[in-house]
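no sequence on hand, only this structure:
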């Protein structure tokens with residue numbers, strides 16, 4: 001089995017993982033408190049990324065985020081040989097004859113993006129184990145950070161242009177593992193988009209439950225600080241809140 005086939009096999013296995021919307025109770029937050037234990041450490045990060053990539057195609061905001069941040073271009077540059085033109089053709093054939101040109105164009109754009117991103121993530125998942133453990137940990141750590149940020153931004157209905165502020169524009173520095181720097185940046189950003197899509201797919205009740213869970217895991221000082229009317233918060237406070245919620249998501253939801 002060659003590298004790409006291994007990647008595809010791994011991608012399909014990860015896609016069978018539990019989705020965020022399947023572990024967050026779809027109940028009013030006030031009466032779901034006793035079910036928060038179902039959320040804890042329930043999601044495989046790469047499974048979340050693969051499922052989130054699939055969800056991107058159904059969400060205008062997620063596609064806008066992709067376009068705004070030029071992620072598809074960076075990913076193609078980083079792993080250009082993995083563009084799956086066959087998948088685009090396959091998906092295009094499912095379009096109904098009545099679809100408008102605009103919707104067809106949107107569908108094909110999304111299909112191409114998803115094919116490239118899914119292949120990129122899948123290949124890095126499949127080869128990480130062959131690297132030194134430190135390099136594999138670098139990629140997984142960035143996947144978790146990106147997915148966590150994306151999930152809380154999406155769940156709080158942040159717009160795509162706002163979410164783009166949390167993009168990793170520069171490569172992280174790992175002097176001992178230079179070859180991992182570009183991959184870490186792309187994995188972080190791919191995971192952010194995937195997490196954003198997963199957060200967006202939650203129902204209104206689920207979004208409330210998720211944030212109640214995350215805030216409940218914060219320390220007393222942080223919980224008391226992040227109270228009051230969201231509209232009165234400064235931009236800086238809102239960003240701090242997203243980072244704090246993302247840290248709690250990473251710690252309490254992902255494995």
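Structure's in. What do you need? What you are looking at is a predicted structure, and each value in this text was computed from that prediction instead of being measured.

helix or strand: which one has residue 239?
Here residue 239 sits within helix 235-252, counting by DSSP states H and E.

which other helices and strands contact that helix?
helix 133-155, helix 204-216 (3 or more C-beta pairs under 8 Å, 6 or more residues apart in numbering; DSSP states H and E). All C-beta atoms are positioned from the backbone trio N, CA, C, and that covers glycine.

what does the last one contact?
Residues from elsewhere that reach helix 204-216, judged by C-beta atoms under 8 Å, 6 or more residues apart in numbering: 21, 24-29, 32-33, 36, 39, 152, 155-157, 199, 202, 223, 226, 245, 248-249, 252.

which ones are touching the closest residue to residue 237 other than its chain neighbours?
Leaving aside its chain neighbours, residue 237 sits nearest to residue 226 (7.8 Å; criterion: C-beta to C-beta, 6 or more residues apart in numbering). Under the criterion of C-beta under 8 Å, 6+ apart, the contact list for residue 226 reads 215, 218, 237, 241, 244.

now the second one: which helix or strand?
Element membership of residue 218 [criterion: DSSP H and E] is none; it lies in no helix or strand.

isn't it up against residue 248?
Yes - Residue 218 lies in contact with residue 248 (C-beta atoms under 8 Å); the separation is 6.2 Å.

those two - which one has more neighbours?
Neighbours per residue (other C-beta atoms under 10 Å) separate residue 218 from residue 248, with residue 248 holding more: 20 against 17.

distance of the more buried one relative to residue 181?
Using C-beta to C-beta, to the nearest Å, we find residue 248 at a distance of 27 Å from residue 181.

now residue 150
From residue 150 to residue 181 the distance is 21 Å (C-beta to C-beta).

ok, those two, which is more surrounded?
In this view residue 150 and residue 181 are compared by other C-beta under 10 Å, and residue 150 has more residues nearby, 33 against 16.

leaving out the residues flanking it, which one is nearest to that one?
Once flanking residues are discounted, residue 150 sits nearest to residue 195: 2.7 Å by C-beta to C-beta, 6+ apart.

which SSE is that neighbour in?
Taking DSSP H and E as the definition, residue 195 sits inside helix 181-200.

kindly calculate the angle that that helix makes with helix 133-155.
Counting by axes from the mean of the first three to the mean of the last three C-alpha atoms, to 10 degrees, helix 181-200 points 30 degrees away from the direction of helix 133-155.

got the buried residues for helix 181-200?
181, 183-200 (16 or more other C-beta atoms under 10 Å).

deepest-packed of the helices and strands packed on helix 235-252, please.
Mean neighbour count, computed with mean count of other C-beta atoms under 10 Å, is highest for helix 133-155 among those, reaching a mean of 24.

following that one, which helix or strand comes up?
The element immediately downstream of helix 133-155 (helix or strand, assigned by DSSP H and E) is helix 160-163.
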